[in-house]
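Chemist: Sharing a model prediction with you, sequence too.
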Amino acid sequence: MKRALVATALLTLSAPAWGQVRTPASPASTDPVIRIGGSSTVYPILQLAIRADQQGGRNALARFDLQESGTSAGLRQFCSGQLTIANASRPINRKELAQCAKNGVLFVELPIAFDALTVVVNPANSWARHISIKELGALWGRQAQGVIRTWNQVNAGWPKRPIRLCGPGADSGTYDYFNKAVNGDSANARTDVTTSEDDMVLVRCVAKDPEALGYFGYAYYATNAKLLKPLWILGSKGLAAPSVATVQNETYVPLSRPLFVYVNDARLRSEPQTRRFLTGFLQNGLELVRQARYIPLPSSTYRLVESKLYRHVLGSAFDGELTPGMSLGVALQRSLEQTKRPEFR
C-alpha cells in the first residue's frame, strides 16, 4: 500500500495522524512538478514541509507529487531519474549508488532528523514491558519462521499464547535497518508476518490485536500512543525506552537512526522552485521535525546541512554502508564532513 499527495496552492489535513491530502495541480501550468517519493517514515515530515511551503506563499507556483512507497522503492525511482527528491530512513546503499552512477544521476545527501525505531505491543498486553536485541533476533530472524509461534518461546516468563507479528515490507528502509541491527543482515527476516509499506496499517495491526507485536518509526507510535504500548529495548548500553532524550543522549541503541532526503542535483540547479522549497524546509527543519514527532538535529546543524545544499556537495558520506547503532554525533559528522573539504570552503 502507498499514500500519495498532490498539491498546488493549499493543503487541508483530514485523515488521522498527518492526513491524506489531495489538491489537483492545474493542468494549464507548465511549471515542473517536484516529485518526491520513498520512505513512509519520512513521509509526514515532507508532508508538513509542503504544507508550510504553500502557506508561506514564497513558492506559490511550485507543484508537488508526494508518494509513499518505501525507501528502497523510492531510491530505485530516484536513481532512474523519476524523482526530484527521495525520502530515506537509511543511507543509500552500494547497489543504489551504482544505479545512480550508471544513469548519470548526481545527488546531494541531506540528513534532516533522527528516529527511534519503536517496538510496540497492544496495551492489553500485561506481560511484556521490555525486550532484548537477542530476543528480537530470535523472534524476527529467518530461522524463526514457522517455529517461534508463541510468546513463551521468546521469553520463558511470558505466557503460552500465540504471537502475531506486524512489520514493514522488504521495500522499507525500516525493514532493512531493523534486520541489520537485530539479525546482522538486512535480508535476514521471517516472512510469515503481516507486512505493509504503510505504517498506519501496522499501527492498526497491533492496536486491534492483544497478542500482536510490531515495529515502525517513532512518530507513528507517538501519534497513536493511546493505542499502543512501547517496549523498552535492552541493548549494549542497557535498558532504554524510545524517546527524544534517549536518542539524543545516545542510550537507545541500536535502534536509533538518521533520516535523509536525497536531491537530484540537476533538478536542483535548473529549478528555482526546488531550491526555494528545500531552503525553506531546512530553515524551518527544527520545528517541522518536532511537529512530525521525530527527533530534530541540533539547531546549528541545520545551517551546516544548508551549506551542503548551497555548495552542491555531491554523493553520500556513508559509502553505501548501513551501520546500526551509529551514534548521533558520528552520523552527523560523517554526513557533514564533506563541507570541510578545501574545495567546499
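Modeler: The structure has been received and is ready for your questions.

Chemist: Read off the pLDDT value for Asn179.
Modeler: On pLDDT, Asn179 comes in at 94.

Chemist: Equivalent analysis for Ala62, please.
Modeler: 79.

Chemist: same check, this time on Ser80
Modeler: For Ser80, pLDDT reads 97.

Chemist: now swap in Glu287 and tell me
Modeler: The predicted local confidence for Glu287 is 94.

Chemist: what's around it, how many residues?
Modeler: When neighbours are defined as other Cβ atoms under 10 Å, Glu287 has 12 of them. All C-beta atoms are positioned from the backbone trio N, CA, C, and that covers glycine.

Chemist: Surely it forms part of a helix?
Modeler: Yes - under DSSP: H, G, I helix; E, B strand; the rest coil, Glu287 sits within a helix.

Chemist: Against Pro296, how distant is it?
Modeler: Distance, Glu287 to Pro296, using Cβ to Cβ, to the nearest Å: 8 Å.

Chemist: Need the overlap of contacts for the two.
Modeler: With contacts defined as Cβ atoms under 8 Å, 6 or more residues apart in numbering, no residue is shared by Glu287 and Pro296.

Chemist: how about low-confidence regions in this structure?
Modeler: When residues are selected by pLDDT under 70, those of the chain lie in 1-31, 56-61, 325-329, 332, 338-345.

Chemist: does Val108 belong to a helix or a strand, and which?
Modeler: strand 107-116 (DSSP states H and E).

Chemist: thinking Arg35 is in contact with Gln82, fair?
Modeler: Yes - assessed by Cβ atoms under 8 Å, Arg35 is found in contact with Gln82 at 6.8 Å.

Chemist: and those two? which has more neighbours close in?
Modeler: More crowded of Arg35 and Gln82, by other Cβ under 10 Å: Arg35, with 19 against 14.

Chemist: Pairing partners for the helix or strand harbouring the more buried one, with directions?
Modeler: Here Arg35 sits within strand 33-38, counting by DSSP H and E. Sheet pairing here is set by DSSP bridges, and for strand 33-38 it gives strand 63-67 (parallel), strand 85-88 (parallel).

Chemist: Now the helix or strand just after that strand: buried residues?
Modeler: From strand 33-38 onward toward the C-terminus, using DSSP H and E, the following helix or strand is helix 43-56. Going by neighbour count (16 or more other Cβ atoms under 10 Å), the buried part of helix 43-56 is Tyr43, Pro44, Ile45, Leu46, Gln47, Leu48, Ala49, Ile50, Arg51, Ala52, Asp53, Gln54.

Chemist: Give me the distance between the fifth one and Tyr175.
Modeler: As judged by Cβ to Cβ, Gln47 and Tyr175 stand 21 Å apart.

Chemist: Need the residues that contact the strand holding Arg35.
Modeler: 25, 46, 62-71, 73-75, 77-78, 82-88, 173, 271, 273-274, 277.

Chemist: Check stretch 141-153 too.
Modeler: Contacts for stretch 141-153 (Cβ under 8 Å, 6+ apart): 127-128, 138-139, 154, 158-163, 182-183, 188-192, 211.

Chemist: mind checking the end-to-end distance for it?
Modeler: 14 Å (Cα to Cα, to the nearest Å).

Chemist: Give the buried residues for it.
Modeler: For stretch 141-153, using 16+ other Cβ under 10 Å, the buried residues are Gly141, Ala144, Ile148, Trp151.

Chemist: residue ranges of the helices in the protein, please?
Modeler: 43-56, 71-79, 94-102, 133-140, 173-183, 199-207, 218-222, 244-248, 265-270, 272-283, 285-291, 299-311, 328-336 (DSSP state H).

Chemist: Any idea which of the ones you listed gets closest to Pro254?
Modeler: In terms of Cβ to Cβ, the element of those nearest to Pro254 is helix 173-183, at 4.4 Å.

Chemist: helices or strands next to the closest one in the packing?
Modeler: helix 71-79, helix 133-140, strand 164-168, strand 212-216 (3 or more Cβ pairs under 8 Å, 6 or more residues apart in numbering; DSSP states H and E).

Chemist: ok, now with 6 Å
Modeler: helix 133-140 (3 or more Cβ pairs under 6 Å, 6 or more residues apart in numbering; DSSP states H and E).

Chemist: Can I get the helix it packs on in CSV, CA atoms only?
Modeler: Written as CSV, here are the backbone C-alpha positions of helix 133-140 (Å, rounded to 0.1, in the frame of the first residue of the first chain):
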residue,chain,number,x,y,z
ILE,A,133,18.0,-7.3,21.0
LYS,A,134,18.8,-11.0,21.3
GLU,A,135,15.1,-11.9,21.9
LEU,A,136,14.1,-9.7,18.9
GLY,A,137,16.6,-11.6,16.8
ALA,A,138,15.2,-15.0,17.9
LEU,A,139,11.7,-13.8,17.1
TRP,A,140,12.2,-12.0,13.7
